[in-house]
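Q: Sequence and computational prediction follow.
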Amino acid sequence: MKCTLLIIDDEKNIREGLAAAMELEGYEVALACDGEEGWKRYGKGDIDLVITDLRMPGFSGEELLRRITVESPGFPVIVLTGHGTVENAVAAMRDGAYDFLTKPVNIDHLGFMVKRALEIKELTRRHREMETELEHQRQFKTMIGRSAAMQRVFDTISRVAPTKASVLITGESGVGKELVADAIHELSSRKGRPLVKVHCAALAEGLLESELFGHEKGAFTGALSRRRGRFELANAGTLFLDEIGEIDQNIQVKLLRVLQEKKFERLGGEETIETDVRIVAATNRDLKAEIEKGNFREDLYYRLNVVNIHVPPLRDRKDDIPLLVSAFLKEFAEENGKNIEGVSEGARARLYAYDWPGNIRELRNCIESTVVMSRGGQIAEEDLPPTLNTFHDEGWIRIPLGSSMEDSERIIIRDTLSYLKGNKTKTADILGIGRKTLHRKLAEGKEDHEPHEQTL
């Protein structure tokens with residue numbers, strides 16, 4: 001696609017002559033006779049580079065340059081000036097101009113300058129895109145997953161994080177809901193502001209109210225001084241309310257008021273305090289069921305659940321187990337000064353086969369325990385906790401809906417090998433494939449599950 005240049009000069013012959021020359025170079029050209037007309041034309045948003053005279057009646061090139069620099073720092077502006085105003089051109093360079101030329105203009109030199117400026121602009125754009133992508137990778141580095149279910153989670157986080165919308169994170173205990181809250185904050189415009197966390201189930205009603213809204217001196221027995229609440233501490237940032245389904249009806253009413261009016265009073269106080277807080281809440285409860293039971297306010301639910309992010313249990317994303325195991329192995333091996341290269345086939349089969357009711361938290365604890373107790377350079381089946389060796393296996397294979405043929409094949413091989421306690425000969429016989437084919441597919445699966453940081 002052709003780049004569009006905007007040429008601004010109060011002398012008709014100069015601007016039309018420059019336009020003809022730049023069109024011969026293959027550029028689209030827009031023209032303006034003064035700074036005011038040029039500013040309006042620039043405002044349409046399709047201009048890639050501006051060439052402007054410095055001295056014009058009324059709205060000068062200097063003023064135009066200042067406006068463009070404020071609105072789009074680094075936007076390429078080439079300044080044209082007469083011999084007597086070179087000092088002004090140098091000043092314009094300090095104000096953000098890409099470069100300047102004295103009149104009469106050397107067309108060849110101008111063409112070279114335009115080409116170089118546009119190349120630098122494109123390189124800068126690519127660099128910023130790369131920085132953004134790397135930033136996304138950094139924010140997701142604690143959330144590991146290649147499964148389709150986790151890709152949906154990552155995609156939703158990326159889209160909702162830059163907005164002001166409240167988010168309700170749902171999922172079983174141990175799936176990593178707090179990590180989702182961390183990622184939402186880190187990818188939002190509030191990143192540099194506080195992320196304040198409140199674990200609602202850990203506090204009794206009276207203490208939770210004081211924790212959220214603060215209290216004045218003497219508000220209750222033991223209130224020896226004024227204390228700011230979490231809403232004040234999180235002002236301009238993000239407030240994460242974990243286990244929101246556990247809060248009392250009385251607190252629900254007060255929380256609803258803050259979400260609606262963005263103001264509250266400290267416990268025992270009369271001063272109304274305004275707050276600008278983005279709410280991210282999490283629960284392992286079915287809040288719709290709690291609403292039907294009368295335990296949770298429906299109006300509060302809809303205030304919190306503007307966007308829902310459901311984090312799947314580990315049993316529904318077993319393809320992520322090798323990534324998680326590799327990450328935890330590396331972490332705990334380094335922490336305990338051990339050199340552990342990997343996991344045996346038998347141990348890998350048991351890790352796959354177990355349903356992990358405690359989800360990622362249970363897997364993490366399992367790997368830590370296994371690393372501590374291991375004696376060799378590889379995790380063996382006997383190193384695993386007893387719970388993984390006494391599970392009830394009904395002989396069924398679970399393939400999540402939406403799985404690709406490649407993923408389905410990998411799940412079938414994995415679970416069959418697990419069912420047969422790592423016996424590759426029997427696995428190959430039952431699946432009707434050769435042992436070489438089985439070994440190749442297992443090797444491909446290992447390569448696919450090398451530890452990596454999640455990207456978007």
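A: Ah, there it is.

Q: From now on I want contacts and neighbour counts done on CA atoms only, so please keep to that.
A: Fine.

Q: Doesn't Leu255 lie inside a helix?
A: Yes: Leu255: assigned to a helix according to DSSP: H, G, I helix; E, B strand; the rest coil.

Q: any idea what sits nearest it, other than its immediate chain neighbours?
A: Distances taken as Cα to Cα, 6 or more residues apart in numbering put Leu300 closest to Leu255, at 7.9 Å, once the chain neighbours are dropped.

Q: Beyond the helix or strand hosting the one you found, next helix or strand please.
A: Assigned by DSSP states H and E, Leu300 falls within helix 298-304. Later in the chain than helix 298-304, the nearest helix or strand by DSSP H and E is strand 307-310.

Q: Doesn't Thr69 belong to a helix?
A: Yes: assigned with three-state DSSP, Thr69 falls within a helix.

Q: where's it relative to Asp48, distance?
A: Distance of Thr69 to Asp48, computed by Cα to Cα, to the nearest Å: 14 Å.

Q: which parts of stretch 52-61 are buried?
A: 52-56, 60-61 (16 or more other Cα atoms under 10 Å).

Q: Give me the distance between the two termini of it.
A: Start-to-end span of stretch 52-61 (Cα to Cα) is 6 Å.

Q: Show me the contact partners of that stretch.
A: Contact partners of stretch 52-61, identified using Cα atoms under 8 Å, 6 or more residues apart in numbering, comprise 6-10, 34-36, 62, 77-81, 89.

Q: Out of the residues you listed, who's the most crowded?
A: Ile8 (31 neighbours; other Cα atoms under 10 Å).

Q: pLDDT at it, what is it?
A: With respect to pLDDT, Ile8 scores 94.

Q: Make sure it is actually in contact with Trp39.
A: No: applying Cα atoms under 8 Å, one finds Ile8 not in contact with Trp39, separated by 9.5 Å.

Q: quick one: buried residues of the helix holding Leu300?
A: Across helix 298-304, burial judged by 16+ other Cα under 10 Å covers 300-301, 303-304.

Q: ok, of these, which one's closest to Val198?
A: Lowest distance from Val198 to the buried residues of helix 298-304 (Cα to Cα) belongs to Leu304, with 15.2 Å.

Q: start to end distance for stretch 238-254?
A: For stretch 238-254, the first-to-last residue distance is 18 Å (Cα to Cα).

Q: How about stretch 30-37?
A: With Cα to Cα as the measure, stretch 30-37 spans 11 Å from end to end.

Q: With adjacent residues omitted, what lies nearest to Leu110?
A: Closest to Leu110 by Cα to Cα, 6+ apart is Leu101, at 7.7 Å.

Q: Give the other helices and strands that the strand or helix carrying the one you found contacts.
A: In this assignment (DSSP H and E), Leu101 forms part of strand 99-102. On a contact count with 3 or more Cα pairs under 8 Å, 6 or more residues apart in numbering; DSSP states H and E, strand 99-102 meets strand 77-81, helix 86-94.

Q: hmm, who's touching the first one?
A: By Cα under 8 Å, 6+ apart, the residues outside strand 77-81 that reach it are 49-55, 61, 65, 89, 92, 96-103, 105.

Q: how about the CA coordinates for it, as CSV?
A: Taking Å, rounded to 0.1, in the frame of the first residue of the first chain, the C-alpha atoms of strand 77-81 are listed here in CSV:
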residue,chain,number,x,y,z
VAL,A,77,7.8,15.8,10.1
ILE,A,78,10.3,17.3,7.6
VAL,A,79,10.7,21.1,7.9
LEU,A,80,11.4,23.4,4.9
THR,A,81,13.0,26.7,5.6
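
Q: Which one of the contacts of stretch 52-61 is nearest to Ala327?
A: Val77 (48.8 Å).

Q: sorry, back to before: and which of the buried residues of stretch 52-61 is nearest Gln151?
A: Within the buried residues of stretch 52-61, the smallest distance to Gln151 is 47.8 Å, found for Thr52 (Cα to Cα).

Q: in the sheet, who's paired with the residue nearest to that closest one when sequence neighbours are not counted?
A: Nearest residue to Thr52, sequence neighbours excluded (Cα to Cα, 6+ apart): Ile8, at 4.6 Å. Per DSSP bridges, the residues bridged to Ile8 are Ala32, Thr52.

Q: Can you tell me the number of residues neighbouring Gly222?
A: Close neighbours of Gly222, defined as other Cα under 10 Å, add up to 8.

Q: Three-state assignment for the residue lying closest to Gly422 once chain neighbours are set aside, please.
A: The shortest distance from Gly422 to any non-neighbouring residue, by Cα to Cα, 6+ apart, is to Gly346 (4.8 Å). With three-state DSSP as the basis, Gly346 sits in helix.

Q: List the buried residues in stretch 159-175.
A: Residues of stretch 159-175 classed as buried: 160-162, 165-175 (neighbour count, 16+ other Cα under 10 Å).

Q: Filter those down to the ones in strands?
A: 167-170 (DSSP state E).

Q: I'd like to know which of those is nearest to Ile399.
A: Thr170 (22.3 Å).

Q: so that closest one makes contact with Pro313?
A: No: assessed by Cα under 8 Å, Thr170 is found out of contact with Pro313, at 10.5 Å.

Q: Provide a list of residues in contact with Lys262.
A: With Cα under 8 Å, 6+ apart, Lys262 has these contacts: 274-276.

Q: and if you look at Glu11?
A: Cys33.

Q: Angles on the backbone of it, please.
A: phi -100, psi 120 (degrees, to the nearest 10).

Q: What pLDDT is listed against it?
A: Note on Glu11: pLDDT of 90.

Q: packing partners for the host helix or strand of Glu444?
A: For Glu444, the element it lies in under DSSP H and E is helix 435-448. Here helix 435-448 touches helix 424-431, going by 3+ Cα pairs under 8 Å, 6+ apart.

Q: 10 Å instead, please
A: Where contact means 3 or more Cα pairs under 10 Å, 6 or more residues apart in numbering; DSSP states H and E, helix 435-448 is packed against helix 321-335, helix 405-419, helix 424-431.

Q: Would you reformat those helices as a markdown table and include distance to Pro73, mean pLDDT and mean neighbour count?
A: Formatted as a markdown table, the helices and strands packed on helix 435-448 follow (distance: least, Cα to Cα, whole Å; pLDDT from 0 to 100; neighbours: other Cα atoms under 10 Å):
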| stretch | distance to Pro73 | mean pLDDT | mean neighbour count |
| --- | --- | --- | --- |
| helix 321-335 | 41 | 87 | 19 |
| helix 405-419 | 47 | 80 | 18 |
| helix 424-431 | 62 | 82 | 16 |
